[in-house]
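> Any chance you could fold what I've pasted below:
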Amino acid sequence: MTFVESMIVLLIVGVFTGSLFYAYRQSMNAYQATSWRQERTRQVELFWNILRKSLEEATNTLSRYGAGPDWTVKSDPRPVQWRQARSPANTVVLSWMTDHLTATGDLDYRLSYQLKIIDRRLCMSASAVSGTAPAGFQPMSDRTMVDDIDVFDIKSTLIKVREGNEFREYFDDGTGSPSDLVIGSVAELFVVLAPPPGSSIPAGRLPLNGKFRLAIATQRLP
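Numbers count the residues shown, from 1 in each chain. Here you go, the predicted model:
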């Protein structure tokens, strides 16, 4: 075999080996990206299920009003509070409470919930601030629910009732009457996930959202 033939063979082997390595690397990148998307989607879907039950049970401040057998339940406004956080920061982005009264109108228990973004993680806290928590309630302290948060945002719309001849329920887009009764709200949460900076996972963004109907109002915080 001549020197030229040897060089040609080495060149062919090099090209073939390089092609195999490139195909292997592309395959591993695709596998990592798919695994990352599947795991984060699973995290978010599980989080939606946990959040839905607790958030849709949020209440105003409930208390007994009146004495004797004719007592009623007094409801003082205590809206779900939320804050926009387009850039992740160590801040509370959503908080709410749930009251439950006994058969005699006394406060049985009060639960408190918070969502917080901590270092690209969406964390949830839950605690009983009054009374004894119900069976099955799981207290949490900044428990990580979703990793790799790149953007977190909330859109909220009040549900009001227009009285008079047009008595009906409507979504207030900002043009509704301030005097109309608020009977609830709709909150839509948006999350965009992205692999950690500097990771070997190919760059990509995974947008997801969940919509919740609440029995009380919402309030945006600065």
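> okay, which residue is most central for this structure?
Central residue of the chain (C-alpha atoms, centre = their mean): Leu189, 5.7 Å from the mean position.
> what lines up beside the helix or strand hosting that one in the sheet?
Per DSSP states H and E, Leu189 falls inside strand 181-193. Sheet pairing here is set by DSSP bridges, and for strand 181-193 it gives strand 149-162 (antiparallel), strand 206-214 (antiparallel).
> Report the mean confidence score over the helix or strand following the shortest one.
Spelled out, it's strand 206-214. Using DSSP H and E, the next helix or strand after strand 206-214 towards the C-terminus is strand 218-220. Across strand 218-220, pLDDT averages out at 90.
> Run through who's touching strand 218-220.
Applying C-beta atoms under 8 Å, 6 or more residues apart in numbering, the contact partners of strand 218-220 are 79-84, 156, 158, 185, 187. From N, CA and C alone the C-beta is placed, and that goes for glycine too.
> Check the offset of it from the chain's centre.
What separates the centre of strand 218-220 from the centre of its chain is 16 Å, taken as C-alpha atoms, centre = their mean, to the nearest Å.
> Now do the buried residues in that strand.
Thr218 (16 or more other C-beta atoms under 10 Å).
> just stretch 177-194 next, same as before
With burial defined by 16+ other C-beta under 10 Å, the residues of stretch 177-194 counted as buried are 180, 182, 184-185, 187, 189, 191-194.
> same question, stretch 59-66
Buried, per 16+ other C-beta under 10 Å, within stretch 59-66: 59-60, 62.
> Could you look up the next helix or strand downstream of the lowest-mean-pLDDT helix or strand in the chain?
Every helix and strand of the chain was ranked by mean pLDDT, DSSP states H and E. The lowest is helix 3-55, at a mean of 74. Downstream of helix 3-55, the next assigned helix or strand under DSSP H and E is strand 61-65.
> Please work out which residues outside that next one touch it.
If you take C-beta under 8 Å, 6+ apart as the criterion, strand 61-65 is touched by 71-78, 97, 99-101, 104-107.
> When you filter those residues down to buried only, what's left?
78, 97, 99-100, 105.
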